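Asks: sequence first, predicted model second:
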Amino acid sequence: MNDRRNILVTGGAGFIGSHLVRHLVKQYPEYKIINLDKLTYAGNLENLRDIEEAENYRFVKADINDADALDAVFGAEAPDAVFHLAAESHVDRSIEAPLAFIDTNIRGTANLLHICRKHWQTDASTASLQAEKGAVENEKRFIHVSTDEVFGSLGDQGLFDEETRYDPRSPYSASKAASDHLARAWQHTYGMPVIVTNCSNNYGSYQFPEKLIPLMIRNILKGDQQLPVYGQGLNVRDWLLVDDHVSGLVAAFHNGKPGETYCFGGDNEWKNIDLVKKLCEIMDDKLGRARGTSAQQIRFVKDRAGHDLRYAIDAQKAKDELNWMPSQDFESGLRLTVDWYLSNTDWLEAVTSGSYLDYYNRHYTNR
Ligand code: NAD
Ligand code: DAU
């Protein structure tokens, strides 16, 4: 690979995107990072205050559905790599209002692939050339960042891996599955150097507090808010620290092969209710409350429609072929995460004011 790269990150003002952008800007001063983000409710430039003045960083406010804006960015910056993270990402919102997920996750991904191909000038002949060589020597890379939810739901046994058949079951996961198919179609048909990654649940700093862990931290902190656990709290998720996902994405970029898929997960399955109780314990300690105090806020509420029972990933291929390994054990990762939210209550307040409260009240009142 060349030392110098121009890297376009879409969705770089969101949770995972901001961690990825910060990592690339700091660790690779020889790379130029262009962060393109629409700044929806989930995108926040506060997430990147510490690097916004960096010489190798530029922010562009744009929608991935805006072909002219994408064309202009590709023309001006000539990115030779794309990390595509821009998406509507919350399952509950996809149940309430699915069409935004179709627009951004499906239509927006197709638009991005279309403009990218135009600038990279790959076409059907590139695809056959690559097929003949059996490998892509072109250094360009399109890293399509996706989710384990495309695989559907597991029973008590088994793990998802790169060979698992797609079986998405929510509007969110169906839209992500469609986007994965589009990315692979552009690889197969036009020779676009696409790598698809599918990751399990991330946690860490700067996660929008509509997602389980930051939502619970916020509500525990408030003291008078319920901790809404869907159904009986028996659904299982496989949690990975966001920095470990970022290291996987960068490893896929540097060491992955176009046309391949890599799954990332934490080997770290938790039933929701056990995780919420663990957070209550940690928060009781941090806030100097008697053990058991925060857990009194737990309420079992109406289940999520179509709630997938269990996700868990076999990440052996990423470990073997990308030399990737999660670094953080969960208990200490969770404590560090709680510390971050406790030290950043201004951020928490700012992102949960305004339109978020409308969503929150609509979603949880009388649930
Ligand atoms: P997020 O909701 O925190 O951030 C999404 C970002 O995309 C925001 O900054 C938002 O402003 C931007 N965006 C949304 N629509 C856009 C549009 N039309 N044009 C340009 N920008 C737009 O999401 P996240 O949790 O950081 O997830 C990032 C990606 O990783 C998503 O593709 C998601 O499917 C995938 N993923 C997330 C997880 C997880 O646990 N959070 C796990 C696996 C994969
Ligand atoms: O698996 C990867 C996916 O993880 C990503 O693709 C998604 O973008 C990300 O949002 C996440 O999806 P989940 O639906 O698993 O995450 P969420 O934090 O919304 O919920 C985690 C579990 O907690 C899930 O079983 C639903 C439950 N839950 C969630 C909320 C918000 C509750 O019990 N109560 C809640 O209030």
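Replies: In hand now; what should we look at? Ligands and ions are numbered 1, 2, ... in the order given.

Asks: next helix or strand past the worst-scoring helix or strand of the chain on mean pLDDT?
Replies: The weakest-scoring helix or strand in the chain, judged by mean pLDDT, DSSP states H and E, is helix 124-133 (a mean of 64). Counting by DSSP states H and E, the element after helix 124-133 in chain order, helix or strand, is strand 141-147.

Asks: in its sheet, what does that following strand sit against?
Replies: The sheet places strand 141-147 alongside strand 81-84 (parallel), strand 194-199 (parallel), with pairing taken from DSSP bridges.

Asks: any idea what Leu36 is bridged to?
Replies: Partner residues in beta bridges with Leu36: Thr10, Val60, with DSSP bridges as the criterion.

Asks: tell me, how many residues neighbour it?
Replies: Leu36 has 28 neighbouring residues, counting by other C-beta atoms under 10 Å. (C-beta placed from N, C-alpha, C; glycine too.)

Asks: enumerate the residues of this protein near ligand 2.
Replies: Within the chain, the residues that sit near ligand 2 (C-beta under 6 Å from any ligand atom) are 89-91, 147-149, 200-201, 211-212, 215, 228-230, 235, 237, 272, 304, 311.

Asks: tell me the predicted confidence for the closest residue to Leu322 other than its chain neighbours.
Replies: Spatially, and ignoring its direct neighbours in sequence, Leu322 is nearest to Ala251 (4.1 Å; C-beta to C-beta, 6 or more residues apart in numbering). Each residue has a pLDDT score; the one for Ala251 is 98.

Asks: correct me, but Ala251 touches Ala318?
Replies: Yes: distance between Ala251 and Ala318: 7.3 Å, which falls inside the contact criterion (C-beta atoms under 8 Å).

Asks: mutual contacts of these two, please.
Replies: When contacts are counted by C-beta atoms under 8 Å, 6 or more residues apart in numbering, the set common to Ala251 and Ala318 consists of Trp324.

Asks: what's the burial count for Glu139?
Replies: Under the criterion other C-beta under 10 Å, the count of neighbours that Glu139 has is 11.

Asks: run through the chain and note the low-pLDDT ranges.
Replies: Counting by pLDDT under 70, the chain shows low-confidence ranges at 1-2, 127-138.

Asks: helix, strand, or coil at the residue lying farthest from the centre of it?
Replies: Within the chain, the residue lying farthest from the chain centre (C-alpha atoms, centre = their mean) is Ala290, at 35.0 Å. Three states are possible here, and by DSSP: H, G, I helix; E, B strand; the rest coil the one that applies to Ala290 is coil.

Asks: a markdown table for the strands paired with strand 141-147, including distance to ligand 1 and mean neighbour count?
Replies: Putting the strands paired with strand 141-147 into a markdown table (distance: least, C-beta to the nearest ligand atom, whole Å; neighbours: other C-beta atoms under 10 Å) gives the following:
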| stretch | distance to ligand 1 | mean neighbour count |
| --- | --- | --- |
| strand 81-84 | 7 | 26 |
| strand 194-199 | 4 | 26 |
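
Asks: and those as TSV, adding distance to Asn111?
Replies: Below are these laid out as TSV (distance: least, C-beta to C-beta, whole Å):
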stretch	distance to Asn111
strand 81-84	11
strand 194-199	15
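
Asks: quick one: closest of these to Leu99.
Replies: Shortest separation from Leu99 across these is recorded for strand 81-84, at 20.4 Å, computed as C-beta to C-beta.

Asks: need the residues that contact that closest one.
Replies: When contacts are taken as C-beta under 8 Å, 6+ apart, the neighbours of strand 81-84 outside the stretch itself are 5-11, 17, 20, 109, 112, 116, 140-145, 183, 249, 253.

Asks: keep the residues you listed, but drop any that are not near ligand 1.
Replies: Among the contacts of strand 81-84, proximity to ligand 1 is found for 10-11, 17, 145 (C-beta under 6 Å from any ligand atom).

Asks: now those residues: which count as buried?
Replies: With neighbours counted by 16 or more other C-beta atoms under 10 Å, the ones next to ligand 1 among the contacts of strand 81-84 contain buried members at 10-11, 17, 145.
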